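Novice: Return a 3D structure for these sequence lines:
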Amino acid sequence: MSRQNDMKARYAELKLTQDQIDEIEGSFARADKAQKCFETWSQEAIDRTIRSVAQNVANSRAFHELVELGIQE
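Specialist: Residues are numbered from 1 along each chain as shown. Modelled structure (predicted):
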């Protein structure tokens, strides 16, 4: 994997363990796979997906804020 070769110095600088490096590289591999999938989607499908993700993130934040307020009460 060329990205891993480019990152070797950075990984060493950060003193990452092999398990940490493997986890990062696994995330890169999943992201690359997802990108290839998204490249086949229409712009409308991508827009719908992004809106859905944004709504879920906003709802999650609002939920956590409400939980915190409830705990404080």
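
Novice: In the record's domain split, what are the boundaries for this protein?
Specialist: Described in terms of automatic domain parsing, the domain architecture of the chain consists of the residue ranges 1-40, 42-73.

Novice: Mind putting these into CSV with mean neighbour count and mean pLDDT?
Specialist: Where C-beta positions appear, they are placed from N, C-alpha and C, glycine not excepted. Compiled in CSV, the domains of the chain are given as follows (neighbours: other CB atoms under 10 Å; pLDDT from 0 to 100):
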stretch, mean neighbour count, mean pLDDT
domain 1-40, 11, 89
domain 42-73, 10, 88
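
Novice: which residues does residue 46 contact?
Specialist: Contacts were defined as CB atoms under 8 Å, 6 or more residues apart in numbering; by that measure residue 46 touches residue 38.

Novice: Mind checking what secondary structure it has?
Specialist: Under the three-state scheme (DSSP: H, G, I helix; E, B strand; the rest coil), the conformation of residue 46 reads as helix.

Novice: I'd like the numbering to begin with 352 instead of 1 from here.
Specialist: In the new count, where the first residue is 352, that last one comes out as residue 397.

Novice: Show me where this structure has its helices.
Specialist: Taking DSSP state H to define them, one finds helices in the chain at 353-365, 369-389, 394-423.

Novice: can you list the residues that contact the shortest one?
Specialist: Which is helix 353-365. Residues outside helix 353-365 that contact it (CB under 8 Å, 6+ apart) are 372, 375-376, 379.

Novice: Can you say which two of the residues you listed are spatially most distant?
Specialist: Checked with CB to CB, these reach their widest spread between 372 and 379, with 10.5 Å between them.

Novice: From residue 384, how far out is residue 358?
Specialist: 18 Å (CB to CB, to the nearest Å).

Novice: Now residue 392. Its backbone dihedrals?
Specialist: Its backbone dihedrals place residue 392 at phi -80, psi 150, with angles given as degrees, to the nearest 10.

Novice: Once you drop chain neighbours, what's closest to it?
Specialist: residue 400 (7.8 Å; CB to CB, 6 or more residues apart in numbering).
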